[in-house]
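1. Sequence and predicted model, in that order:
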Amino acid sequence: MIKPKQSIANSLDDSLTRCRWLDCSKPDYVAYHDQEWGVPVYDDKKMFEFIVLESAQAGLSWYTILKRRAGYKHAFADFDVEQVAKFDDAKIEQLMQDASIIRNRAKITAAIGNAKVFMEIQQQFGSFCNYLWAYVDHKPIINDMAALADYPATTALSDKISKDLKQRGFAFFGSTICYAHLQACGLVNDHSRQCFLHHSYAI
C-alpha cells in the first residue's frame, strides 16, 4: 500500500507550490488537490464515488461537479453501490428533480448501470480495486509533468481500461474520463514536478 511521506492535513498554505492547472483562488478546490487528488484509493466505496462523480463530469469542468459533491452523496445513497444498483424508474424521476446534482437523465441512468457492472467486477475479481490496480501492477505510475502541455487527455492505458469497461457495460466512462479517474484515484500520479505533492507517495 502507498502511504504519504508527509502529513497533508495542514496543507492549505499559500506558500506551497502546487500544480499549475489548479485555481488557487478556490479554497475547496485547493483542499481537493492537496488532500485527495492523486492519493491512492484502495477502498471500493471511495472508488465508486469517484466513478459516479467522474462520469457526471463528462462535458463539464471537474469543479462544477466538486461543488455538487455533497448533493451527489445524498442523492446516490452515500455512494452505496448496492443501493444505487437498485434504483428504479421512480428514483430516476426523483433525481431528475434534484437541483443538487446534474439533472441529466443519461448520466443518472449510467450511474445506476455502472453500479451493476461495478458489482459484477467485484464478484469476479474480489474487489473493483483489485481489478483496476492490476492494470498498473498495483503501484502508481509516477509521471514527470512540468508544463500544462505535458498533461495528456488520454493515454494508451486509459484507452485500454475504458474499452474493457465499455465492453462490460460501463457508460459515460470514455478514455478521457477514465484518465481523469486514474489521476484522481492515484493510479497515475500527475502532480507536477514543481508541486509539493509530487514526491508525497512512496511504496
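-> Nice, thanks for sending it over. Just so it is clear, the structure is predicted and the values come from calculations on it, not from any experiment.
2. Ignoring the adjacent residues along the chain, who's closest to Ala58?
-> Phe172 (5.0 Å; C-beta to C-beta, 6 or more residues apart in numbering). (Each C-beta comes from the backbone N, C-alpha and C, glycine too.)
3. quick one, what contacts the one you found?
-> Ser55, Ala56, Ala58, Ala106, Lys107, Ala110, Asn114 (C-beta atoms under 8 Å, 6 or more residues apart in numbering).
4. and the first one, what does it touch?
-> Shown here is Ser55, whose contacts under the criterion C-beta under 8 Å, 6+ apart are Lys107, Ala110, Ala111, Asn114, Ala171, Phe172, Phe173, Ile177.
5. and which of the residues you listed is nearest to Met47?
-> Closest approach to Met47 among the contacts of Ser55 (C-beta to C-beta): Asn114, at 11.4 Å.
6. Run a quick neighbour tally on the residue nearest to Ala85 when sequence neighbours are not counted.
-> Nearest non-adjacent residue to Ala85, counting by C-beta to C-beta, 6+ apart: Ala115, 4.0 Å away. If you count neighbours by other C-beta atoms under 10 Å, Ala115 ends up with 24.
7. just Ala56 next, same as before
-> So Ala56, with other C-beta under 10 Å, has 24 neighbours.
8. What helix or strand is it located in?
-> Here Ala56 sits within helix 44-57, counting by DSSP states H and E.
9. Wait, a helix at the residue nearest to Ala58?
-> No: Phe172 is assigned coil when assessed by DSSP: H, G, I helix; E, B strand; the rest coil, not a helix.
10. Tell me how far it lies from Gln183.
-> Between Phe172 and Gln183 the distance is 17 Å, computed by C-beta to C-beta, to the nearest Å.
11. Now do the phi/psi pair for the residue nearest to Ala58.
-> Dihedral pair for Phe172: phi 50, psi 40, per degrees, to the nearest 10.
12. how many neighbours does the closest residue to Leu16 other than its chain neighbours have?
-> Residue nearest to Leu16 in three dimensions, not counting chain neighbours: Phe196, with 4.7 Å by C-beta to C-beta, 6+ apart. Counted with other C-beta under 10 Å, the neighbours of Phe196 add up to 18.
13. Would you agree Met145 is in contact with Leu197?
-> No: no contact is recorded between Met145 and Leu197 when judged using C-beta atoms under 8 Å, the distance being 11.7 Å.
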